[in-house]
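In: 3D, please:
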Amino acid sequence: MPVTTDMTPPAPAPPGDVSDGSSLAAFGYPQELRRQMGRYASFAAGFSFISVLTTVFQFFSLGFSFGGPLFFWAWPVVLTGQLLVAACFAELAARYPISGAVYQWSTRLSSPAFGWFTGWIMVIGQMVVVAAAALALQVVMPAIWSGFQVVGGDPSPTTATGAANAAVLAVVLLVLTTVVNVLDNRVMSALNRVGVTAEIIGAVLIVVLLFTHVERGAGVTLETGGRGGPIAALLVGSFTAAYVLIGFDSAGEMSEETHHPRRTAPRTIISALAAAGVLGGLLVLGGVLAAPSLSDGRLATEGLSYVLTSSLGDGVGKALLADVAVAIAVATLAIQTAGTRMLFSMARDGVLPCSSWLAKVSPRTGMPFGPALVVGVAAAALALLNFASPEAFLAVGTTCIAMLYLAYAGVTGPMLVRRLRGEWDWRRPGGTDETGRPLFSLGRWGLPVNVFALAYGLFMTVNLAWPRADVYDPAGDHWYFQWFTVLFVGATVAMGAAYRWSRRRRGAVSQTADRGGQDARPGAEAEVVQASITRD
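Out: Residues are numbered from 1 along each chain as shown. Prediction:
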């Protein structure tokens, strides 16, 4: 059967289509995941992946150590760039409400091969993000109670004992989140909602308390005081914001479990990012202004945990840190869930090893248990790298950001090509969502937004992956950590290419794999297409 690449404009929802199930069936997929999430749960999926408390507390010290107070100004720049990307994703979420969002969007906008590599990079990147999020427990748990420092010694994540203890805490957390991810999506969704509510309340309370304990004026943010000049301060300082403001696409990942996803997902993608962006920026600014000292070195090593316990007192500070620990646990759960859905979506199309097993959904729980186990085990293995060296903590964190930024560019790039070819015509009626209202659209702003979103994404990918010795290997003992991001991305692409080559050589590329899910259905991986098919 000949295979063609679909280059038609993105499919709008049919007028009057009010059924979530029929919307999914239009793409060739049965409703297997349980559709039980409302608008707040969808918002929680995106917000908990971003998890402003987890990520700001985890990377604040890095940004300040290199940029000093000036690193705050990298925040609004990164937030603006990511809002442009989120706006593009919102258009796609309205038109393609399918799990495995980044993979599905890239495939339908480009070619099956390009979409596959985008999904492959994204799912590996998500596994790294899960590990990085779980490692963040080390930033707060020993500060709450010294008994959480199981591996005796200095609790700072940049020390050998702190890094090793971070790995221990991370593995324990990953066991718990994996169990939740195989139980039931009602349990997962309930934990997300409760966790996000607690995180928002805690973040707002921390912001208010920080701004009522300021030690200096906002003018201090114009000073560097870090290890580099102003440019280095902003480039390396942007790592903090870049690490925080990712994962907003999770609302799209959960589309098959969300009521009215064509209407809900676009709005929650943008609202989750905007809410996290504002709260995170205020946390960073409040931390700089309320720190007891900017020159004693503690802000560059202990970060916001030091500010809370020193400025607000042990009791209040530790109570707020406990809320941060909850946020870290929920963030790890949410990120693992997003990675699980990406694996499930690709396996359902028959384009991964062990696809038939990974695509299974438990009839009892409605959860894809195989992908949850794979993501959990892979993340735990990555977390254990911390035993090798403290530099692994930063290497894992920045690698996951670069991987996701690269995958995002794998969507905004083909989308821009479509626009330039006139195949994404904003003047054409775009159909309606499940409630009968017009689909989300950027209108005439689509082209400039898309251009800047792609340019920003590519620039930040290079910035994150650049092998700066003073950032990734300050001691000069582990050259591979300096090049870790470049090596990891290269290895990911090489592994993906080797797998696809082996499939083609075996002649086992299914019709579904070639079409990249455009007509996918369970069991299609057993179909074999003629060897003359060259577009894969």
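In: which of the residues in the helix or strand W75 falls within are buried?
Out: In this structure, W75 sits in helix 74-95 according to DSSP states H and E. Buried residues in helix 74-95, counted by 16 or more other C-beta atoms under 10 Å: 74-75, 78-79, 81-95. Every C-beta, even on glycine, is put in place using the N, C-alpha and C of the backbone.
In: And for stretch 358-370?
Out: Residues 358-361, 365-370 are the ones in stretch 358-370 that count as buried (16+ other C-beta under 10 Å).
In: On the three-state scheme, the most centrally placed residue in the chain is what?
Out: The central residue of the chain, meaning the one whose C-alpha is nearest the mean C-alpha position (C-alpha atoms, centre = their mean), is G247 at 3.0 Å. In the three-state summary, G247 is assigned as coil, counting by DSSP: H, G, I helix; E, B strand; the rest coil.
In: Not counting its neighbours along the chain, what's nearest it?
Out: Residue nearest to G247 in three dimensions, not counting chain neighbours: F49, with 3.1 Å by C-beta to C-beta, 6 or more residues apart in numbering.
In: Does that neighbour touch L333 like I think?
Out: No - under the criterion of C-beta atoms under 8 Å, F49 lies out of contact with L333, with a separation of 9.6 Å.
In: Look at these two and report which has more neighbours.
Out: Here F49 and L333 are set side by side on neighbour count (other C-beta atoms under 10 Å), and the busier one is F49, at 32 against 27.
In: Remind me which helix or strand that one belongs to.
Out: With elements delineated by DSSP H and E, F49 resides in helix 39-50, which encompasses its position.
In: and the angle for the following helix or strand past that helix with helix 74-95?
Out: Counting by DSSP H and E, the element after helix 39-50 in chain order, helix or strand, is helix 52-67. Comparing the axes of helix 52-67 and helix 74-95 via axes from the mean of the first three to the mean of the last three C-alpha atoms, to 10 degrees yields an angle of 140 degrees.
In: Could you list the low-pLDDT ranges of the stretch 1-150 of the chain?
Out: Low-confidence segments of the stretch 1-150 of the chain, defined by pLDDT under 70, span residues 1-23.
In: ok, now with 90
Out: Applying pLDDT under 90 to the stretch 1-150 of the chain flags residues 1-41, 44-46, 48-51, 53-59, 61-68, 132, 136, 139-140, 143-147.
In: now do the stretch 351-500 of the chain
Out: Looking along the stretch 351-500 of the chain with the criterion set at pLDDT under 90, you get 362-367, 385-401, 422-440, 444, 464-485.
In: In helices only, show me the buried residues of stretch 358-370.
Out: Mapping the buried residues of stretch 358-370 onto helices (DSSP state H) picks out 358, 369-370.
In: from these, which is closest to E215?
Out: Using C-beta to C-beta, the shortest approach to E215 within those belongs to F369, at 50.7 Å.
In: Check the contact between that closest one and K360; I expect there is one.
Out: Yes - taking C-beta under 8 Å as the contact criterion, F369 and K360 are neighbours in contact, 7.3 Å apart.
In: what comes into contact with stretch 252-261?
Out: Defining contact as C-beta atoms under 8 Å, 6 or more residues apart in numbering, one finds that stretch 252-261 is touched by 20, 23-24, 29, 31-38, 41-42, 45, 89, 92-93, 97-102, 105, 185, 189, 251, 264-265, 269, 337-338, 341-342, 433-435.
In: in the longest helix along the chain, what's buried?
Out: In the chain, with assignment by DSSP H, the single longest helix is helix 314-348. Of the residues in helix 314-348, those buried under the neighbour-count criterion (16+ other C-beta under 10 Å) are 317-318, 320-348.
In: so how far is L169 from I269?
Out: Distance, I269 to L169, using C-beta to C-beta, to the nearest Å: 31 Å.
In: Those two: who's more crowded?
Out: I269 (31 against 24).
In: and that one, which of the three is it?
Out: Per three-state DSSP, the local secondary structure of I269 is helix.
In: how about it, what does it touch?
Out: Counting by C-beta under 8 Å, 6+ apart, I269 has contacts 46, 86, 89-90, 93, 248-249, 251-252.
In: cool, and P390?
Out: 157-160, 162-163.
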